[in-house]
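[1] Following is a predicted model, sequence given first.
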Amino acid sequence: MAMKHKTQHASASFILDKILSYVDKDPEKNLLELLVRAEKIFGGLFPEKYFAALKSGVYDPDNVYRKLALSIISDVDRNDIKTMLLALGLHAGYYGTKTVRENRDKLGCNIPWTILFDPTSACNRKCKGCWSAQYGHEQNLTLDEMRSIVSQGKDMGTHNYMLTGGEPLMRKDDVLTLCKENTDCFFLIYTNASLIDQQLCDDIHKAGNITLALSIEGEREYNDFRRGEGTYDKTVAAMKLLRQNKVLFGVSVCYTQKNIPSVTDESFLDFLVENGAKYAWYFNYMPLGKGADKRLIPTPEQRKFMYGWMKKIRNAKTGKPLFVVDFQDDGEYVGGCIAGGRNYFHINSAGDIEPCVFIHYSDSNIRTHTLLQALKNPLFMAYRKNQPFNENHLRPCPMLENPDRLREIIKKTGAKSSDLLSQEDVETLCSKCDAFAAAWESIADELWNSTSHPQNRTQYYRDTPEGREEAEREKNNSNVTGQAAIEIVSAIPPSKKNS
């Protein structure tokens, strides 16, 4: 951390201590003060209407986000709240966002706000449809390699990290060391919850900048169908322990054709809230790997339902005091696909730098390339130049909804399969998505054209000066080629044209 940032970190820490102590005296009354101060610090990063809506909600006792904020104040360790606010707000939000945007322009490539990486391929469970279950225990990133990822990331402006796997907590000693060494970063760890114990809760408080996302997929029957018998009860026990220890946590939900009724049932969400979860990440099932079952891909009708359900469940009046995100159906809020370094990318446990946690192809590895080199290599530059992959952001993915786009990118760049167990060529992968993509197209287009959408601040490569110049060159080349063809045809004698 630079000396200037250390000074401002210390100053912000002092101010936050005062604010949080003030809020603690009467949370319901003084919560507004917290928002007013936050707006002064971070107001330039977000539209004014967001803070106006938040402040309005503070005065409404029935507003679900007011209830969520009060539950966080009540249920989460005070020092953890302060440390996470500094990491997410000051370093990732203020400094990070500014630096990331500057570097995108200066370096001429995508720069991510978030980096995902897998400390290990090892996992103590074998969930149906999870590629990690097939990988075995051979691949690991060393602690120094993880340190290098975070160090390089911070140099680019990236202060937000998500740990996936495998089961990241099988490397919990190294992971905790990494988090403690980088208090200016925020770490979200996806976990199957089987290794959560009292010692881990204590260690999380010592770091202060960690939240856990526990995998759960509906009621006991549906959860244990995919994740194994007994996993539901173990996950619930872990949730109770985390809440008892005032650890901030949420859940990760993979929705499939089979479990959508369960994971969208009101009783399931009430159960999450009652047991202390503060957020829920919803992920559309992706048919990756040799054993993937494309029959688990949600139907187009189910995707349409999920789109409407998300809006209802996040409504300040009709929703739940739970921050819910749908990685697939929220494309309209982030300008389509965010992978390829546009907002994030993924590093697997063998060090392969992949555009997305769901796209297992790579042309770079952390043991042979820097992160910046990977971002400038053909695969990531192809992502940059082709985003968005569809003007309809309800069809964001180059694999699931636009499989021909991924076919084109992989064939053009020569990126290799980075599946750790069985190499999967792009045709095999995309063929599992063709039927869904074709069926979803008309429904998604009807939804997109019949509803209003938020205006996000996305700038694509095509909007940059070099992007516009490239488009103009391609247009001129196309016109020249077309004119040459006309001239050739015109030069052919009539008798030859008819033969």
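    Received the coordinates, thanks. Owing to the predicted nature of the structure, the values given are computational and were not obtained by experimental measurement.
[2] Okay, the spatially closest residue to residue 32 that is not a sequence neighbour and residue 316: tell me how far apart.
    Computed as Cβ to Cβ, 6 or more residues apart in numbering, the closest residue to residue 32 that is not its neighbour in sequence is residue 58, at 4.9 Å. (Each C-beta comes from the backbone N, C-alpha and C, glycine too.) Plainly put, residue 58 is 11 Å away from residue 316 if you go by Cβ to Cβ, to the nearest Å.
[3] Quick check on these two: which one has the bigger neighbour count.
    residue 58 (21 against 16; other Cβ atoms under 10 Å).
[4] Next, name the residue at the spatial heart of this protein.
    In the chain, the C-alpha nearest the mean C-alpha coordinate belongs to residue 327, at 6.5 Å (Cα atoms, centre = their mean).
[5] which stretches of the stretch 201-350 of the chain have low pLDDT?
    Counting by pLDDT under 70, the low-confidence segments of the stretch 201-350 of the chain come to 222-227.
[6] what ranges do the strands span in the protein?
    Listed in chain order, the strands of the chain (DSSP state E) span 114-117, 160-163, 186-191, 210-215, 249-255, 279-284, 323-326, 344-347, 353-354, 361-362, 416-417.
[7] Pipe those into JSON lines and attach mean neighbour count and distance to residue 333 per row.
    Listed next are the strands of the chain as JSON lines, based on neighbours: other Cβ atoms under 10 Å; distance: least, Cβ to Cβ, whole Å:
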{"stretch": "strand 114-117", "mean neighbour count": "22", "distance to residue 333": "15"}
{"stretch": "strand 160-163", "mean neighbour count": "24", "distance to residue 333": "17"}
{"stretch": "strand 186-191", "mean neighbour count": "24", "distance to residue 333": "19"}
{"stretch": "strand 210-215", "mean neighbour count": "24", "distance to residue 333": "19"}
{"stretch": "strand 249-255", "mean neighbour count": "24", "distance to residue 333": "18"}
{"stretch": "strand 279-284", "mean neighbour count": "20", "distance to residue 333": "14"}
{"stretch": "strand 323-326", "mean neighbour count": "18", "distance to residue 333": "9"}
{"stretch": "strand 344-347", "mean neighbour count": "26", "distance to residue 333": "15"}
{"stretch": "strand 353-354", "mean neighbour count": "26", "distance to residue 333": "23"}
{"stretch": "strand 361-362", "mean neighbour count": "24", "distance to residue 333": "26"}
{"stretch": "strand 416-417", "mean neighbour count": "16", "distance to residue 333": "31"}
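[8] Need the ones you listed in a markdown table (columns: distance to residue 75).
    Shown next, in a markdown table, are the strands of the chain (distance: least, Cβ to Cβ, whole Å):
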| stretch | distance to residue 75 |
| --- | --- |
| strand 114-117 | 25 |
| strand 160-163 | 22 |
| strand 186-191 | 17 |
| strand 210-215 | 13 |
| strand 249-255 | 10 |
| strand 279-284 | 13 |
| strand 323-326 | 14 |
| strand 344-347 | 28 |
| strand 353-354 | 35 |
| strand 361-362 | 40 |
| strand 416-417 | 43 |
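[9] all helices for the stretch 351-499 of the chain, in order.
    371-376, 378-386, 403-413, 426-431, 434-450, 465-491, 494-497 (DSSP state H, counting those that start in this stretch).
[10] what would these look like in CSV with mean neighbour count and distance to residue 52?
    Below are the helices of the stretch 351-499 of the chain laid out as CSV (neighbours: other Cβ under 10 Å; distance: least, Cβ to Cβ, whole Å):
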stretch, mean neighbour count, distance to residue 52
helix 371-376, 21, 36
helix 378-386, 22, 34
helix 403-413, 18, 38
helix 426-431, 17, 44
helix 434-450, 15, 27
helix 465-491, 10, 34
helix 494-497, 8, 68
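[11] nearest to residue 199, of these?
    Among those, helix 371-376 comes nearest to residue 199, with 32.5 Å by Cβ to Cβ.
[12] Quick one: mean pLDDT over that closest one.
    In this model, helix 371-376 has an average pLDDT of 98.
[13] Which neighbouring elements make contact with it?
    helix 97-107, helix 143-156 (3 or more Cβ pairs under 8 Å, 6 or more residues apart in numbering; DSSP states H and E).
[14] Residues contacting the longest one, please?
    To tie it back to what came earlier, the one meant is helix 143-156. Outside helix 143-156, the residues within contact range by Cβ atoms under 8 Å, 6 or more residues apart in numbering are 99-100, 103, 111-112, 115, 117, 119, 141, 159, 161, 174-175, 177-178, 181-182, 184-185, 347, 351, 366-367, 370-372.
[15] list the contacts for residue 402?
    Contacts of residue 402 (Cβ under 8 Å, 6+ apart): 389, 390, 395, 437.
[16] what's the neighbour count on the second one?
    By other Cβ under 10 Å, the residues close to residue 390 number 21.
[17] so it touches residue 400, yeah?
    No - in terms of Cβ atoms under 8 Å, residue 390 does not count as a neighbour of residue 400; the distance is 11.0 Å.
[18] Name all residues that make contact with residue 376.
    107, 108, 109.
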